[in-house]
Each structure stands twice: as structure tokens, then as C-alpha cells.
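Peer 1: Sequence first, then the predicted structure, then my questions.
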Amino acid sequence: MRRFPFRGPKGAAVWLVLLALGLSAGAAHAELQVGFAREVITPPVPDAWTDLDGDGRRSPEEPWQDGNGNGRFDPVHMAGFHNGRPAAGIHDELFAVAVVIDDGTSKVGLVAADVVGLSNGFARELRARLPAELGLDYLLVHATHNHQGPDTQGLWGASRFRSGLAEGTHERLWTRMIAALERAHAAREPARLDAGEVPGMGPRLGLDDTRPPRVIDDALRILVARRADHSVIGTIVNFGVHVEILWDQNLFLTADVAGYAREGISRGLVYDDGLWEPGLGGTTLWLTGNIGGLITTLPSTPVVDPRDGKAVATPSFEKARAQGYAIARAVRRAAEQGRLVPVEDPILGIHRRTVTVPIANLPLVLGSVIGLLDRDLRWARGIATDSEVGLLTLGDVWLAAIPGELYPELAIGGVTQLPGADFELEPAEVPPLRDAMGGRVNLMVNLANDALGYLIPRSHWDDEAPWLEGAEEETYGEIVSAGPETAGIVHRALLELFAEAD
């Protein structure tokens, strides 16, 4: 007859302790809690103006309305495309959307803002300002790369040598992003997670890669948090497209395709005559995926509206709505058709790495030195900047935090030696990152915790003629990249994190 190892009053006490430990350990894993929230970040636009020549640039002779009566034009410089594009009004609100995920042992926050880019210095300051009571073990700070919001980097002022970063812009963002995180933290509730992906979205949405080799990472990655009654707390959607479908002559602040996708997923597909198709409910967080190359919807490329099948080609709010709603409908159908599978053992893992990136882009260095750009520099055997990469694992869902715009060939393959490239060498950034990721569903978030510009494979780097594949003009990516070493540094650091997580 087997004897119990603990007997008597002391033994009973030991059993109670062991039982309590077992229950608390089980509760830590069973009681996953998730909370979503959002805050408006739209800056006021006091003065409207009229673009008489339709070039998207304001000239002194073009009329304007002194909305605040101070006798001067107060511009809100819009980011992306070109200088001299102040907003003429607000079409829809810009948001900071936050989610807090708590597995009982670790707690992380993600917050995404409808802006073009946020530096690593901005992210570090935001973390430093977080209230201690939130107790976050990690915070991912993301910019959706919205080209229809305010300049948050300084690149798009009235002229090339005038910053477009208005006083108080960062202060407003820090305040509102923290408010969103606080509300998300307070809104935490028990949740179960479903995750999956919808492949081959590129042709359905009019996506194009404007630079060789033409590679598009076009799957839609989805993570849905639900209550026990199956109602939706919130959705995370990860997709790689430039948030710029309204293109360069739009003068009204808008969240563009990301905003329409979020509203379509949460509220449903709403047209002028009312609700056409319901949404999932809850709050939706948009995370921009791999967009280097650049992955976009060109002004002449039509997008089909999901309701009437009409192809909308001209850049417009109707076109942005058509693309955003097509994404929302794909998410809803994936949820309804059982393509989103429960996440197994949703325990958080946090991996991060600080990297030093040499800056070979002289205009970027000069702009930072004179205060035109929001970029911290230091000397590290040359001029360099500090950045970071990150990896969150949540059971069989992995999320890679990438501090720039990753060329999709670095993610899914296609790095080659291109004719006309400046360096003759075998592909250095191998294997493809997705091949090394260990999740069932792998999200890749660009412009996470930094905005280093394009992350270009070294064997594709082309800063001097002859241009790639005999092109007549120089390539664009190098103009807004830190340098030819950046992609390799980020690629190696991510591989290290993936191996660490395995």
C-alpha cells in the first residue's frame, strides 16, 4: 500500500500550499485579459485654404480663411509626398488605438497612431511617461504610416529647409496615447483569442510593388479577442499597404484606408444610405505590415467597391472606403467561415534588442543636426542612431516589431543580385524572415518603435547610376533610407530574437 508523502497536520498544510500554488499557476494562464481603447489625436486646423491650381501645394496668392482671427495663416503641414501641403480641413478623426494584453504574469501594450512615423526617441519618451501603475513589461509604439495626417518627423514643412513638425505635436500625441493605454488597461476583461490569415489579398485590393524585384507580402493577418459569450472585445489586423490611397492632392486630414478598415471591421460597412453589412463589434487596431518597395495602390489603379462592384480609380474618399471595406469584409468572412482558429496556450513572451544603425544618408544627418528632423544621433565609429527590434509571442501567434519599412523580399524571399545595383555580392539577408518565425500566425509590424525609412537589401542598393534594370531615373528608396547596412542589421537582430524565442 502506497503511503502519502505528507501526513498529519503539517502534511495537510503542505498539501494546501501545493494546491494554492497549482491553482494560482493555472489561473495565471487561464485568465488571459485583454482591453482595447482609442483616443482622438486630430490636431485643430484653424485656417482653410483653396488650392486654385490643384497642385496640392499652397502658394502665397492662393486664398485662405482666417479661422481663428489672428491675422496669420496657421498651417498644419501634412506628411508625405511633398512639401507645402498644409491641411485645409478635417474629413475624419485620427486616432491612437491601444490594446493591453495581460496573461497574469506579463503585461504588454500596443498603441498605434494615425501618423506617418515616430522616432525611437519618441517611443522612449512615451515609455518614460507611462504611469507606473500600468505595470507594462513592454510597449510597442506604432505609426500606421498615414500620409494624410500631420507631419510628425519634420520632413514636410513649407519648404525643404523648414520643418513641418509643429510645436506641441509630440506633446499632444504622448498625452493621447497614454490616455488610450490607460483606458485599455482599465477595460481589461477575460478573453479568448482566435487568429488566422487570408492569403492573396494583393490582386483584390489593387496592390503594386513599384520597384524590382516585384514581391508583395499580401496576406491579411488577424487576431480577434472574444468574451465567453463570443462577442468581440477587439480585433488586431495586420496588412502591408501604404496608407496613402488618397494620394498627394488631398488636403483634408483623414485616417485613409486604415480608418475605413477599422470602422468597417468594428461597426460594419456604412454608406450614405445606412448600414449595408454589420461588423464584428469591439475596437479595431490596425498594424501596417511590410510596405518597403514601395507597396501601394497607384493613383490610376482601380479598387472595386464591395457593395456595388464599381471600380473606383481616381484617388478619392470613395476609393479609400472601397479598399478599407474590402479588407473589413475579408476579416468578417474569415471569422464567420471558421478560418480563425483559437490561439493555443496564450502565454506572453517578450524579446527585444537595441541596435546601432550607421547613418550614411547625409541629408538625414544634416536635417537632424540643424533640428529639422526628429532624430537622435551619436558617434559610434561614424554617425549613428540607436534603434530597436522586438518580438512578442502569444502562444502560437508571433509579432515582429520592425523599425522601418521592410522590403517584402526580406520577409518572404526574392533577394537577388539586381542589374545596376551598387554592390556586387550574393544576397546577404537570408533566410527570409518568415521562414525563421515559429508562429502559426506571424504578424510583421513596420514602423514599430522607430521610423528608419526603407530597409533595402544590400544587393539591391542603388544610389549611383546605372540605375536598377536600366531605369532612366534614380530609385526612390535610398533617398529615405538610413543606409545600405540598415536592412542587414535589422535582419540579423530579428533572426537572433526568433532563435531566442524558439
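Peer 2: Received, thanks. Just so you know, these numbers come straight off a predicted model, no measurement behind them. Residues are numbered from 1 along each chain as shown.

Peer 1: just for the protein, where's the confidence low?
Peer 2: Within the chain, the segments meeting pLDDT under 70 span 1-30.

Peer 1: just checking, Ala411 touches Met444?
Peer 2: Yes. The pair formed by Ala411 and Met444 meets the contact definition of C-beta atoms under 8 Å, at 6.0 Å. All C-beta atoms are positioned from the backbone trio N, CA, C, and that covers glycine.

Peer 1: Find residues that contact each of the two.
Peer 2: Here Ala411 and Met444 share the contacting residues 217, 290, 433-434, scored by C-beta atoms under 8 Å, 6 or more residues apart in numbering.

Peer 1: Ranking by neighbours, what's the top pick from the residues you listed?
Peer 2: Asn290 (30 neighbours; other C-beta atoms under 10 Å).

Peer 1: Packing partners of the helix or strand where Leu443 lies?
Peer 2: According to DSSP states H and E, Leu443 maps onto strand 441-445. Counting by 3 or more C-beta pairs under 8 Å, 6 or more residues apart in numbering; DSSP states H and E, the packing neighbours recorded for strand 441-445 are strand 192-198, strand 220-226, strand 232-239, strand 283-288, strand 397-401, helix 433-436.

Peer 1: cutoff 10 Å now
Peer 2: For strand 441-445, the packing partners by 3 or more C-beta pairs under 10 Å, 6 or more residues apart in numbering; DSSP states H and E come out as strand 192-198, strand 220-226, strand 232-239, strand 283-288, strand 383-394, strand 397-401, helix 408-412, helix 433-436.

Peer 1: Just send the ones you listed back as JSON lines, with distance to Trp276 too.
Peer 2: Below are these laid out as JSON lines (distance: least, C-beta to C-beta, whole Å):
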{"stretch": "strand 192-198", "distance to Trp276": "20"}
{"stretch": "strand 220-226", "distance to Trp276": "21"}
{"stretch": "strand 232-239", "distance to Trp276": "19"}
{"stretch": "strand 283-288", "distance to Trp276": "18"}
{"stretch": "strand 383-394", "distance to Trp276": "33"}
{"stretch": "strand 397-401", "distance to Trp276": "31"}
{"stretch": "helix 408-412", "distance to Trp276": "33"}
{"stretch": "helix 433-436", "distance to Trp276": "35"}
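
Peer 1: Of those, give the one that comes closest to Asp462.
Peer 2: Evaluated over the helices and strands packed on strand 441-445, closeness to Asp462 peaks at helix 408-412, with 14.3 Å, by C-beta to C-beta.

Peer 1: CA atoms only for that closest one, dumped as PDB, please.
Peer 2: Only the C-alpha atoms of helix 408-412 are listed here, as PDB (Å, rounded to 0.1, in the frame of the first residue of the first chain):
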ATOM      1  CA  PRO A 408       8.900  42.200 -48.700                       C
ATOM      2  CA  GLU A 409      11.600  40.100 -50.300                       C
ATOM      3  CA  LEU A 410      13.400  40.200 -46.900                       C
ATOM      4  CA  ALA A 411      10.200  38.600 -45.400                       C
ATOM      5  CA  ILE A 412       9.100  36.100 -48.000                       C
END
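
Peer 1: give me every residue that touches Val270.
Peer 2: Shown in contact with Val270 (C-beta atoms under 10 Å, 6 or more residues apart in numbering): 260, 263-264, 276-279, 321, 325.

Peer 1: Would you mind listing which of those are buried?
Peer 2: Among those, those classed as buried by neighbour count (16 or more other C-beta atoms under 10 Å) are 260, 263-264, 279, 321, 325.

Peer 1: in the stretch 151-300 of the chain, which spans are strands?
Peer 2: 189-190, 192-198, 208-209, 220-226, 232-239, 252-253, 268-271, 274-278, 283-288, 295-296 (DSSP state E, counting those that start in this stretch).

Peer 1: any chance of these in JSON lines, plus distance to Thr175?
Peer 2: Putting the strands of the stretch 151-300 of the chain into JSON lines (distance: least, C-beta to C-beta, whole Å) gives the following:
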{"stretch": "strand 189-190", "distance to Thr175": "25"}
{"stretch": "strand 192-198", "distance to Thr175": "30"}
{"stretch": "strand 208-209", "distance to Thr175": "38"}
{"stretch": "strand 220-226", "distance to Thr175": "26"}
{"stretch": "strand 232-239", "distance to Thr175": "22"}
{"stretch": "strand 252-253", "distance to Thr175": "18"}
{"stretch": "strand 268-271", "distance to Thr175": "30"}
{"stretch": "strand 274-278", "distance to Thr175": "33"}
{"stretch": "strand 283-288", "distance to Thr175": "19"}
{"stretch": "strand 295-296", "distance to Thr175": "32"}
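
Peer 1: what separates the closest residue in space to Pro346 that isn't next to it in sequence from Leu495, distance-wise?
Peer 2: Counting by C-beta to C-beta, 6 or more residues apart in numbering, Gly395 is the residue found nearest to Pro346 once chain neighbours are left out, at 4.1 Å. As for Gly395, its distance to Leu495 is 21 Å (criterion: C-beta to C-beta, to the nearest Å).

Peer 1: Could you check which of these two has the larger neighbour count?
Peer 2: Taking other C-beta under 10 Å, Gly395 and Leu495 do not tie; Gly395 has more neighbours (21 against 17).

Peer 1: Can you convert the contacts of Val270 into JSON lines and add a column each for distance to Gly67?
Peer 2: Shown next, in JSON lines, are the contacts of Val270 (distance: C-beta to C-beta, whole Å):
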{"residue": "Tyr260", "distance to Gly67": "27"}
{"residue": "Glu263", "distance to Gly67": "27"}
{"residue": "Gly264", "distance to Gly67": "32"}
{"residue": "Trp276", "distance to Gly67": "35"}
{"residue": "Glu277", "distance to Gly67": "38"}
{"residue": "Pro278", "distance to Gly67": "38"}
{"residue": "Gly279", "distance to Gly67": "35"}
{"residue": "Arg321", "distance to Gly67": "27"}
{"residue": "Tyr325", "distance to Gly67": "32"}
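
Peer 1: Of those residues, which pair is most distant in space?
Peer 2: With distance counted by C-beta to C-beta, no two of the contacts of Val270 lie farther apart than Pro278 and Arg321, which are 16.6 Å apart.

Peer 1: measure the spatially closest residue to Gln65 that is not a sequence neighbour to Gly168 for me?
Peer 2: In space, and not counting its chain neighbours, Gln65 is closest to Ala48: 4.8 Å by C-beta to C-beta, 6+ apart. Ala48 sits 20 Å away from Gly168, taking C-beta to C-beta as the criterion.

Peer 1: Which residue of these two possesses the greater neighbour count?
Peer 2: In this view Ala48 and Gly168 are compared by other C-beta under 10 Å, and Ala48 has more residues nearby, 16 against 10.

Peer 1: Out of the strands of the stretch 151-300 of the chain, flag the one nearest Glu426.
Peer 2: Of all those, strand 208-209 sits nearest to Glu426, with 22.3 Å by C-beta to C-beta.

Peer 1: could you list every residue that touches the nearest residue to Asp208 once chain neighbours are set aside?
Peer 2: Distance criterion C-beta to C-beta, 6+ apart; nearest residue to Asp208, sequence neighbours excluded, is Leu298 at 5.6 Å. By C-beta under 10 Å, 6+ apart, the contact list for Leu298 reads 206-208, 210, 245, 247, 313, 315.
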